[in-house]
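Peer 1: 3D model of this:
(chains A, B, C and D)
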2 protein chains.
Amino acid sequence: MSRRSGILEFAVLGLLREAPMHGYELRKRLNTSLGIFRAFSYGTLYPCLKTLVANGWLIEEPGSAPEDALAASLAGRRAKIVYRLTAEGKEHFEELLSHTGPDAWEDEHFAARFAFFGQTEHDVRMRVLEGRRSRLEERLEKMRASLARTRERLDDYTLELQRHGMESVEREVRWLNELIESERAGRDQRSRPEGAARHDNDSGETGGLPRHGGSTRPDPSDDTAK
Amino acid sequence: MSRRSGILEFAVLGLLREAPMHGYELRKRLNTSLGIFRAFSYGTLYPCLKTLVANGWLIEEPGSAPEDALAASLAGRRAKIVYRLTAEGKEHFEELLSHTGPDAWEDEHFAARFAFFGQTEHDVRMRVLEGRRSRLEERLEKMRASLARTRERLDDYTLELQRHGMESVEREVRWLNELIESERAGRDQRSRPEGAARHDNDSGETGGLPRHGGSTRPDPSDDTAK
DNA sequence: AATTTCATGTAATTCGTTACATGATTCC
DNA sequence: GGAATCATGTAACGAATTACATGAAATT
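Peer 2: Numbers count the residues shown, from 1 in each chain, chains lettered A, B, ... in the order given. Modelled structure (predicted):
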């Protein structure tokens, strides 16, 4: 029972390591702050939270506003619930983080792990990055072989689609190479304790990750991305 | 009932336009020949084929080997079934191909459509490409805005993940720009009739699509991509 | 003779969404 | 006072997978 992809569970635990939160806020962070732009709905999230509580990894606390506790005790009022990670939950998350099973290299699993790299160590990061890379190289090899086999039978558009797909994977590999390199260069420098956030917002070389050009700099025209 | 994503249905109809096939072969082509490297399992494919037959878009024919018809009539022997597109099926596919609904710009829908671009016309191709591009530009805008809002709160890895994600989308837009340009240049030149395949395998400028460097050329070490 | 590939299907299960139902709080 | 956003949930449904069950044909 409960095979579950684990990504949601993993991400929830990881986010709650930083701070206790409402389900509502958790969902927002899941959809944005986390590098994965994948959307999770309440229909997925709330039941998941319940099972995490049942496993003892989270506890429910009355909402932060002082009147909530009172409110909840009255009539049919719905309580606002803040979820907090328990010690067991913390332990479990740490285990998931360093236990690099065979799915850990898949697209979304990898992205989820990567998003929490700040909470793990150099060794684990290297293992995950290298695992991911070799997984992608395998994929590339298959694509190459498959293309070689079917090349003549394909029309221009199908061919172009495959070419482009392979190129994307190749780029992904190059990205991993960069990451691995700067991981090697930076060594343990950025294994940060606890869910520490980034406070140095200015430009100085921060040590670990590769610096890129400004093409991705946020647009001044901000706001209301629905 | 049967809301179904439609991608599988669409792809099956498109592949069967070229030639009648067994479910088995269909699945293989779905996973490779088509630029989408997405895997479909039998558990998905066979039931889908049944409903397509029920809709009158396909008919089942006895397998190509002459003994199959006989074999099927005996005891509990399982028949080999070749699926062939009916006239109605052809019509339906054409409709799906040119009818660019709101999902048509989504990742997989787009890829599926693109894979069958050879079976449609310049106008439809332009509409799909431009729709896809503006969809991606919207996405990019949201990502930019979201990043601008949360930048300071994110740690280096999460930030890098987002940066990389945005860069991928930017690349995708550039690819579409190239395609749109060569589509404009080539005009109707390559609206090919029926499910025609590519027979000119040599290097001469074939007219429509952009030519790329050899980085994606198939590896001489071929074979057995499981 | 054994193994791989061809070939067709079903049942149980997983993961997730949409639509619905409800209500409090904050902003304008 | 009305709209947007905060906040929590459930029921029905959708799309697809995995594991199972079966067996024929081709290859080594």
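Peer 1: please identify the helix or strand for the closest residue to A:Trp175 other than its chain neighbours.
Peer 2: Spatially, and ignoring its direct neighbours in sequence, A:Trp175 is nearest to B:His164 (6.0 Å; Cβ to Cβ, 6 or more residues apart in numbering or on different chains). Every C-beta, even on glycine, is put in place using the N, C-alpha and C of the backbone. Using DSSP states H and E, B:His164 sits in helix B:156-186.
Peer 1: let me know the angle separating that helix from helix A:156-186.
Peer 2: Using axes from the mean of the first three to the mean of the last three Cα atoms, to 10 degrees, the direction of helix B:156-186 lies 150 degrees away from that of helix A:156-186.
Peer 1: for helix B:156-186, packing partners?
Peer 2: For helix B:156-186, the packing partners by 3 or more Cβ pairs under 8 Å, 6 or more residues apart in numbering or on different chains; DSSP states H and E come out as helix A:107-115, helix A:156-186, helix B:122-150.
Peer 1: how about the shortest one and chain B, any contact?
Peer 2: This points to helix A:107-115. Yes - Helix A:107-115 lies within reach of chain B by Cβ under 8 Å from any Cβ of the partner chain, at A:111, A:114-115.
Peer 1: that helix near DNA strand D at all?
Peer 2: No - using Cβ under 7 Å from any atom of the strand, helix A:107-115 stays clear of DNA strand D, with a minimum separation of 13.4 Å.
Peer 1: contacts for that helix next, please.
Peer 2: For helix A:107-115, the external contacting residues (Cβ atoms under 8 Å, 6 or more residues apart in numbering or on different chains) are A:5-7, A:10-11, A:14, A:34-36, A:38, A:97, A:103-104, A:128, A:132, B:157-158, B:161.
Peer 1: in it, what counts as buried?
Peer 2: Of all the residues in helix A:107-115, those buried under the rule 16 or more other Cβ atoms under 10 Å in any protein chain shown are A:109-115.
Peer 1: mind putting those into a markdown table with pLDDT?
Peer 2: Below are those laid out as a markdown table (pLDDT from 0 to 100):
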| residue | pLDDT |
| --- | --- |
| A:His109 | 91 |
| A:Phe110 | 93 |
| A:Ala111 | 93 |
| A:Ala112 | 92 |
| A:Arg113 | 93 |
| A:Phe114 | 94 |
| A:Ala115 | 93 |
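Peer 1: need the helices and strands packed on helix B:156-186 in a markdown table (columns: distance to B:Asn55).
Peer 2: Putting those into a markdown table (distance: least, Cβ to Cβ, whole Å) gives the following:
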| stretch | distance to B:Asn55 |
| --- | --- |
| helix A:107-115 | 34 |
| helix A:156-186 | 26 |
| helix B:122-150 | 23 |
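Peer 1: returning to that earlier point: what angle sits between the helix holding B:His164 and helix A:107-115?
Peer 2: 140 degrees.
Peer 1: show me what counts as buried in helix B:156-186.
Peer 2: Within helix B:156-186, the residues scored as buried using 16+ other Cβ under 10 Å are B:156-167, B:169-170, B:172-173, B:175-176, B:179-180, B:182-183, B:186.
Peer 1: quick one: distance of it to the chain centre.
Peer 2: 19 Å (Cα atoms, centre = their mean, to the nearest Å).
Peer 1: and stretch A:86-95, by the same measure?
Peer 2: Using Cα atoms, centre = their mean, the mean C-alpha position of stretch A:86-95 is found 17 Å from that of the whole chain.
Peer 1: which other residues reach it?
Peer 2: In contact with stretch A:86-95 (Cβ under 8 Å, 6+ apart) are residues A:10, A:13-14, A:16-17, A:52, A:55-59, A:85.
Peer 1: neighbours of the residue of chain A found nearest DNA strand C, how many?
Peer 2: Shortest chain A-to-DNA strand C distance, computed as Cβ to the nearest atom of the strand: residue-wise this is A:Gly43, at 2.4 Å. Other residues within reach of A:Gly43, judged by other Cβ atoms under 10 Å in any protein chain shown, total 8.
Peer 1: point to the helix or strand of chain A where mean pLDDT is at its lowest.
Peer 2: The helix or strand of chain A with the poorest confidence is helix A:67-73; it has a mean of 51 (mean pLDDT, DSSP states H and E).
Peer 1: for A:Lys80, which non-adjacent residue is closest in space?
Peer 2: That would be A:Gly63: by Cβ to Cβ, 6+ apart, it lies 2.9 Å from A:Lys80.
Peer 1: ok, that neighbour to B:Ala112 distance?
Peer 2: Distance of A:Gly63 to B:Ala112, given as Cβ to Cβ, to the nearest Å: 45 Å.
Peer 1: and what of A:Ile180?
Peer 2: Distance from A:Ile180 to B:Ala112, by Cβ to Cβ: 34 Å.
Peer 1: how does chain A divide into domains?
Peer 2: Domain assignment for chain A by automatic domain parsing gives A:7-101, A:121-190.
Peer 1: now the ones you listed in JSON lines, with distance to B:Ile81?
Peer 2: JSON lines is the format used below for the domains of chain A (distance: least, Cβ to Cβ, whole Å):
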{"stretch": "domain A:7-101", "distance to B:Ile81": "38"}
{"stretch": "domain A:121-190", "distance to B:Ile81": "23"}
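Peer 1: mean pLDDT lowest where, among these?
Peer 2: Mean pLDDT values for the domains of chain A show the minimum at domain A:7-101, a mean of 85.
Peer 1: how long is that domain end to end?
Peer 2: End-to-end distance of domain A:7-101: 13 Å, with Cα to Cα, to the nearest Å as the criterion.
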